[in-house]
Structures are given as structure tokens and as C-alpha cells.
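In: missing the sequence, but the structure's below:
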């Protein structure tokens, strides 16, 4: 999406941490989301963060939000081969639930 | 039990034909969506319905017509198919309007020859 940008590809070794970055342009975004898409499947919500938070942790996932720079990141600790997927960042800017998605980051986990 | 199910999963058809994709959710959600994912994986919303009422209608050619017979179903009919319609179409649902917590179906891959 033109308003949400992500790097297209990330290669990481099994057991290392992955960091996926996202920048967005709409400062009125209320919630920001991370979705995961495995091959041949639909998107699955991983986690989300409210715009007045800086950080959210959920097991191996850590979301960091820098509102000033409009930068969002997702850190996956102890990355496993099952984490290989495309990760989408999305922002919600209106009350109708319309999500603006980034183009997705393909994460490849190597043994 | 699949929460959001779409049929068919694959659809191959000729230019100019008319086709439909069906979607059903058994989550009791009020809101349903159609998203289009192109070959570069870019996802864009097409339509959303809340309790059978059209809420979001993005800039989509009027060859695309959604229909929601009840809040558990949202179908997509496409007339006069064009090559550029080839994509994966995802149905999704959410508990209510205004939430970005979507539950997606597995997608319907449409190929127009």
C-alpha cells in the first residue's frame, strides 16, 4: 500500500531474532496490526498495538511503536522454521474498520 | 469447523465470462469484507458489509457486485471478467464495525485467460 511501507524480504537463521519494520504516514492511525500469511492460506492476526502505547509483548512477539517517526516494528524471538511466512503491517484510520496494508515482508528462516 | 470459508478455492475462466465466489462465516460476526490480493501480494479492500448493509465500497469497477443475503454470508459476483481481475480474493469477517481484528478465509484464486 502506498501509505504503509515495509521491506520486502528478510532472511534469518533459526534461533535468532527477526525484526520486521514498517512505516506509515497517517498520524491519526488508532490501531496498528501485524498479520501473518503462510503459503496458500489467508491472513492471521498476530498482534496489534493501540496508538497510545510504545510497546506490547506477547510471548515471542514484541511490537514497538514510535509515533513521532511513524515507525512500527515486530520482533520475533527465537525464530523457528514455522515462522517462515509473509508478515503484513496494517493501520486502521477510520471508524469503519478499513485497514491499509503494507506490501508484506517475506521472512525466510534457514536452519 | 472452518470459521470463514470461501468457495471455490480455485477458479480458471475465460475473459468475458461471469463468475461468483461465495463466503460464509460461522463466528456470529456482524461485519464481512472482500479483499483483493494481486500477484505482488498487495492487499486492498474492495467492500465491507455490516449486518447486510454496504458500508465500504472502494473504487472498484461496477462489474463487481457483492451481495449479502444475511450477515453470515457475503458473495462476490464478477461480470465480464478481464485479465486484470486475476488475483486472490479473500473474504474476512470481524465481530463489529470499526475493529481491525479480521478473520480471513483461505482465499479464492481467480485466473482469467
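Out: Thanks, I have it. The structure presented is a predicted model; accordingly, all values stated were derived computationally and were not measured.
In: give the contact list for residue B:105.
Out: A:42, B:2, B:4-6, B:23, B:90-92 (Cβ atoms under 8 Å, 6 or more residues apart in numbering or on different chains). No exception for glycine: its C-beta is placed from N, CA and C like everyone else's.
In: repeat that with 10 Å
Out: A:41-43, B:2-7, B:9, B:21, B:23-25, B:32, B:34-35, B:89-93 (Cβ atoms under 10 Å, 6 or more residues apart in numbering or on different chains).
In: got phi/psi on residue B:48?
Out: phi -140, psi 150 (degrees, to the nearest 10).
In: and it, what pLDDT?
Out: If you check residue B:48, the pLDDT there is 93.
In: ok, and the closest non-adjacent residue to it?
Out: Distance criterion Cβ to Cβ, 6 or more residues apart in numbering or on different chains; nearest residue to residue B:48, sequence neighbours excluded, is residue B:56 at 4.0 Å.
In: and for residue B:113?
Out: That would be residue B:14: by Cβ to Cβ, 6+ apart, it lies 5.6 Å from residue B:113.
In: look up phi and psi at that neighbour.
Out: According to degrees, to the nearest 10, residue B:14 has phi -90, psi 150.
In: and it, how many neighbours?
Out: Using other Cβ atoms under 10 Å in any protein chain shown, the number of residues around residue B:14 comes to 8.
In: how about the contacts made by it?
Out: B:81, B:112-113.
In: what do you get for residue A:62?
Out: Counting by Cβ under 10 Å, 6+ apart, the residues that residue A:62 touches are A:17, A:19, A:47, A:55-56, A:73-77.
In: rerun that using 6 Å as the cut-off
Out: Residues near residue A:62 by Cβ atoms under 6 Å, 6 or more residues apart in numbering or on different chains: residue A:75.
In: give the residue spans of chain B that score low on pLDDT.
Out: For chain B, the stretches with pLDDT under 70 are B:1.
In: surely residue B:107 meets residue B:90?
Out: Yes - between residue B:107 and residue B:90 there is a contact under Cβ atoms under 6 Å: 4.9 Å.
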